[in-house]
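Student: would you be able to build a 3D model of this:
(chains A and B, ligands or ions: 2)
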Amino acid sequence: MITVNNLKKSFGDNEVLKDINLQIKPQEVVVIIGPSGSGKSTCLRCMNLLESITAGEVHIEGVNLTDKNTDINQIRTEVGMVFQQFNLFPHKSVLENITLAPIKVRKWSKEKANKVALDLLEKVNLSEKANAYPDSLSGGQKQRVAIARALAMEPKIMLFDEPTSALDPEMVGEVLDVMKQLAKEGMTMVVVTHEMGFAREVGDRVIFMDEGYIIEENVPEKLFDFPSHERTKSFLSKVL
Amino acid sequence: MQGLYDWILNDSGIRIDVIIEYFPLFMKGTLYTLGISISGILIGCILGLIIAFGKMSRLMPIRLPFVWYINFFRGTPLLVQILIIHFGVTPLFIAGASPIKAVISAIIALSLNSAAYLAEIYRAGIQSIDKGQVEAGRSLGMNKVQTMSYIVLPQSIKRMIPPFGNEFITLIKDSSLASVIAAPELLYWARAVNGKFFIVWESLLFIALIYLVITLSLTYLLNYIEKRWNIDDNR
Ligand SMILES: Nc1ncnc2c1ncn2[C@@H]1O[C@H](COP(=O)(O)OP(=O)(O)OP(=O)(O)O)[C@@H](O)[C@H]1O
Ligand SMILES: [Mg+2]
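Tutor: Ligands and ions are numbered 1, 2, ... in the order given. Below is the predicted model of the structure:
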């Protein structure tokens, strides 16, 4: 579903991703962990071309993102993204946040978009907030709206970049619950997170990145309990 | 009270009668001043938006002409620009000399000039919006234009209103420079009346008062809009 071949990414002289190779199968939940600055976000953002790719290739469902003829907006409708800072549209109500892209990009009627949005709000337990504005929501509520907004486009893949890192501890659970539910329903997910419990419980595979390389990848039990590289061991000893 | 009134009218030497006699011309001048300013700001708004996007282009060859457009119109005196346009540009498509030609020259000059200032206001407003907003829009599959028009511009317009208002007020005052090319706006009539009656104070103070009424009304209106907007925003 996602194939990354020899991906390299530099910001100026700073090579942030050095040689990333990665395959993600449909319905797989892949968790990326690693120290700050190791390139996790950059790697994720290359998968929907929020960062341009310096060298190598990323294929989404067989479509080469770096091909000049690829319609990147089309690809992005299939790849939802959830950000650490939520990035809700403050001038729009919760409902409008969710329906904007389906109406403008998918060309759905307002009725259809509203119906889908209300169903999604029910799913993330925020039905009563449909007409609220983002400023009036708590962090956990904002992030659940952001997830609903991404899901409204009916993506095939969801990317999460530290979705709970900006939240107060008591709100982390409600967001992770929504993500767990999504995983159970068979969504293909790539999740950058520091929530090792979530990685262990939901992840099919965990990838450990450091200094622009994938150091090690394995099923969670093996990676967490029997890491094979020194760097993985020392990272895990600090966070677990 | 009546005595003071009579004194001003008849014995003070203040030529209120001239103001009263030429009142219709002053009103006509006011209309031209407003017409030139409003046309200037409207055309300037549209041009300014284009220039702002041009200046924000990532491609150097596209960016450069817009950068220099802004440099030129902000770095040279408006009066010089008005003269260049009136004697150099407008004659290319309007022959002879007529008040309407001067008005058109004034509108062109003020539009081009305000576009340069407005472009910088747009740019600052657009760039003040968090990058995450654009990323969220793009990640949902919206293209650049959609992201700009549904997400970035609606949020930045509120921040642009105060500097926009200042620019409009500046433009109204600067439209008086068009009197130099005999556009029949307020200052033109004041100087005409002064020349005819050899007076100074009466008509100049009178038009100053008119400018003041216009600019203060506008300030008041803008404050009102801004306040309304903030109230709407704190839903
Ligand atoms: N837009 C950018 N311009 C220049 N350098 C950048 C940019 N974005 C990221 N970097 C650099 O790339 C490196 C990797 O950043 P990245 O955000 O991918 O790390 P990360 O693993 O997500 O870290 P964190 O856990 O702190 O989020 C860092 O050294 C960062 O300074
Ligand atoms: Mg990151």
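
Student: please make it C-alpha for all contacts and neighbour counts, starting now.
Tutor: Noted.

Student: helices of chain A, start to end?
Tutor: A:40-46, A:72-78, A:94-104, A:110-123, A:139-151, A:169-184, A:196-202, A:220-225, A:230-239 (DSSP state H).

Student: ok, which of those helices comes nearest residue B:191?
Tutor: helix A:94-104 (56.0 Å; CA to CA).

Student: the nearest residue to residue A:85 once chain neighbours are set aside - how many residues pack around it?
Tutor: Nearest residue to residue A:85, sequence neighbours excluded (CA to CA, 6 or more residues apart in numbering or on different chains): residue A:166, at 6.6 Å. Counted with other CA atoms under 10 Å in any protein chain shown, the burial measure for residue A:166 works out to 16 neighbours.

Student: mind listing what residue A:166 touches?
Tutor: Residues near residue A:166 by CA atoms under 8 Å, 6 or more residues apart in numbering or on different chains: A:84, A:85, A:139.

Student: tell me the phi and psi of the first one?
Tutor: Reported as degrees, to the nearest 10, the phi and psi values for residue A:84 are phi -60, psi -40.

Student: separation between it and residue B:132?
Tutor: Between residue A:84 and residue B:132 the computed distance is 10 Å (CA to CA, to the nearest Å).

Student: same deal with the last one?
Tutor: Distance of residue A:139 to residue B:132, given as CA to CA: 16 Å.

Student: the more surrounded of the two?
Tutor: Counted by other CA under 10 Å, residue A:139 and residue B:132 do not tie: residue A:139 has more neighbours, with 20 against 16.

Student: please name the nearest non-neighbouring residue to the more buried one.
Tutor: Residue A:139's closest residue in space is residue A:167 (CA to CA, 6+ apart), at 5.7 Å.

Student: residue B:15 now?
Tutor: In space, residue B:15 is closest to residue B:202, 6.6 Å off (CA to CA, 6+ apart).

Student: for burial, what's the neighbour tally of residue 20?
Tutor: All of this is about chain A. Count around residue A:20 with other CA under 10 Å applied: 20.

Student: ah, no, chain B please
Tutor: Neighbours around residue B:20, by other CA under 10 Å: 11.

Student: which secondary structure element contains the most centrally placed residue in chain B?
Tutor: For chain B, residue B:171 is the residue whose C-alpha lies nearest the centre (CA atoms, centre = their mean; 2.8 Å). Using DSSP states H and E, residue B:171 maps to helix B:153-174.

Student: what spatial separation is found between the residue in chain B that ligand 1 sits nearest to and residue B:48?
Tutor: Nearest to ligand 1, among the residues of chain B, is residue B:131, at 10.7 Å (CA to the nearest ligand atom). Separation of residue B:131 from residue B:48 (CA to CA): 22 Å.

Student: so the two - more neighbours on which side?
Tutor: residue B:48 (27 against 12).

Student: these two touch, right, that one and residue B:110?
Tutor: No. Using CA atoms under 8 Å, residue B:48 is not in contact with residue B:110; the gap is 12.0 Å.

Student: intersection of neighbour lists for those two?
Tutor: Common neighbours of residue B:48 and residue B:110 (CA under 8 Å, 6+ apart) do not exist.

Student: how many neighbours does residue B:63 have?
Tutor: Residues near residue B:63, counting by other CA under 10 Å: 17.

Student: actually residue B:149, not the one I wrote
Tutor: So residue B:149, with other CA under 10 Å, has 11 neighbours.

Student: and what about it, helix, strand or coil?
Tutor: Using DSSP: H, G, I helix; E, B strand; the rest coil, the structure places residue B:149 in helix.

Student: roughly how far apart are it and residue A:234?
Tutor: 48 Å.

Student: distance between the ends of stretch A:114-133?
Tutor: Termini of stretch A:114-133 sit 16 Å apart (CA to CA).

Student: okay, buried residues for that stretch please.
Tutor: Across stretch A:114-133, burial judged by 16 or more other CA atoms under 10 Å in any protein chain shown covers A:114, A:116-121, A:124, A:126-127, A:129-130, A:133.

Student: could you do stretch A:223-240 as well?
Tutor: Of the residues in stretch A:223-240, those buried (16+ other CA under 10 Å) are A:223, A:224, A:227, A:231, A:232, A:236.

Student: what would the residues you listed look like in JSON lines with pLDDT and distance to chain B?
Tutor: Below are the buried residues of stretch A:223-240 laid out as JSON lines (pLDDT from 0 to 100; distance: CA to the nearest CA, whole Å):
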{"residue": "A:223", "pLDDT": "94", "distance to chain B": "31"}
{"residue": "A:224", "pLDDT": "93", "distance to chain B": "32"}
{"residue": "A:227", "pLDDT": "93", "distance to chain B": "34"}
{"residue": "A:231", "pLDDT": "93", "distance to chain B": "32"}
{"residue": "A:232", "pLDDT": "94", "distance to chain B": "31"}
{"residue": "A:236", "pLDDT": "93", "distance to chain B": "30"}
